[in-house]
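*Asks:* This is the structure alone, sequence omitted:
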C-alpha cells in the first residue's frame with residue numbers, strides 16, 4: 001500500500017492472527033490481520049459544541065498549546081487478505097480516531113480521511129496531521145466532535161464515490177461549513193500534471209500515493 005515502516009510505527013499499526021467465523025464455510029478460521037488503534041485524549045474538552053465556529057472567540061484559549069495525553073480505547077482488526085473479516089475490539093467500546101496520537105498539540109489544521117491507509121498516506125507525503133474515521137464514510141460519532149473543536153481548518157478527504165461524498169457533506173455540516181474543506185482525489189483539474197488517460201483516476205489518498213501523485217497539490221485546490 002506504499003506505507004513506510006516508519007509511518008506505520010508512528011501510527012502504532014500492529015499485526016497478528018485473529019479468529020473469524022466464516023459464514024461461507026461455517027467454520028472459524030485464523031486470519032493474519034492488521035490492527036489499527038483508536039486514540040482519545042484523557043483531558044478531552046467536555047463541550048458538546050459541534051464546530052469551532054460556535055465557540056465565541058473570547059473563550060478560545062490563548063498562550064501555550066494544551067498538552068494532551070492519549071489512551072488507546074479500541075482497535076479495528078482487519079484481515080490482510082480478505083476484507084470480509086473485520087471487527088472492532090472491544091465490542092461496544094469507546095470511539096476514538098486512528099492517528100490522533102500523531103497530531104501536534106499546537107496544530108490548527110487537521111485532515112480527516114475515510115480509511116487508515118489514506119490517513120497514513122497523507123501524513124507520509126505531506127507531513128500534515130491526518131486521522132481516519134473510526135468505521136468508514138458514515139462514522140463520525142457525536143462524542144468525537146469535541147476532539148476536533150480546537151482546529152481552525154478541517155480537511156475532509158473522503159473516497160471519491162457516492163457514499164464518501166455524501167458522508168463528507170454531512171460531516172461538513174457537523175463540523176462547521178466555514179472551517180471545512182472537501183478534498184477530491186479524482187478531479188483532473190486538481191492536478192498540476194495531466195492524469196494518465198489509460199488508468200482510472202485515484203478514488204482516495206492511498207490510490208493517489210500509489211499513482212505517484214503529489215498529495216500536496218490536492219490540498220491546495
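*Replies:* Structure's in. What do you need? Every value quoted in this text rests on a predicted model; they were computed, and no experiment measured them. Residues are numbered from 1 along each chain as shown.
*Asks:* Dead centre of the chain: give me the residue that sits there.
*Replies:* Nearest to the mean C-alpha position of the chain, counting by Cα atoms, centre = their mean, stands residue 132 at 1.4 Å.
*Asks:* From residue 97, how far out is that one?
*Replies:* If you measure residue 132 against residue 97 using Cβ to Cβ, to the nearest Å, the figure is 7 Å. (C-beta placed from N, C-alpha, C; glycine too.)
*Asks:* Give me the common contacts of those two.
*Replies:* Common neighbours of residue 132 and residue 97, counting by Cβ atoms under 8 Å, 6 or more residues apart in numbering, are residue 112.
*Asks:* Touching, the residue nearest to the centre of the chain and residue 96? I think so.
*Replies:* No. The criterion here is Cβ atoms under 8 Å, and residue 132 misses it with residue 96 at 10.4 Å.
*Asks:* mind listing what's buried in the lowest-mean-pLDDT helix or strand in the chain?
*Replies:* Ranked by mean pLDDT, DSSP states H and E, the weakest helix or strand in the chain is helix 162-175, scoring a mean of 82. Neighbour counts over helix 162-175 (16 or more other Cβ atoms under 10 Å) mark 164, 165, 167, 168, 171, 172, 175 as buried.
*Asks:* just stretch 76-85 next, same as before
*Replies:* Within stretch 76-85, the residues scored as buried using 16+ other Cβ under 10 Å are 76, 77, 78, 79, 85.
*Asks:* Rounded mean pLDDT for it, please.
*Replies:* The pLDDT scores in stretch 76-85 average 92.
*Asks:* Would you mind measuring from the nearest residue to residue 1 once chain neighbours are set aside to residue 92?
*Replies:* Excluding the flanking residues, the one nearest residue 1 by Cβ to Cβ, 6 or more residues apart in numbering is residue 117, at 5.0 Å. Distance of residue 117 to residue 92, computed by Cβ to Cβ: 26 Å.
*Asks:* Now for the closest residue in space to residue 137 that isn't next to it in sequence: which residues touch it?
*Replies:* Leaving aside its sequence neighbours, residue 137 sits nearest to residue 167 (Cβ to Cβ, 6+ apart; 3.8 Å). Contact analysis of residue 167 by Cβ under 8 Å, 6+ apart lists 114, 137, 138, 140, 158.
*Asks:* In those, which has the lowest confidence score?
*Replies:* Per-residue pLDDT puts residue 137 lowest of the contacts of residue 167, at 72.
*Asks:* just the strands in the chain please.
*Replies:* With DSSP state E as the criterion, the chain has strands at 14-22, 27-41, 70-79, 86-89, 109-113, 130-132, 153-157, 180-182.
*Asks:* buried residues in the fourth one?
*Replies:* Right, the one you point to is strand 86-89. Under the neighbour-count criterion of 16+ other Cβ under 10 Å, strand 86-89 has residue 88 buried.
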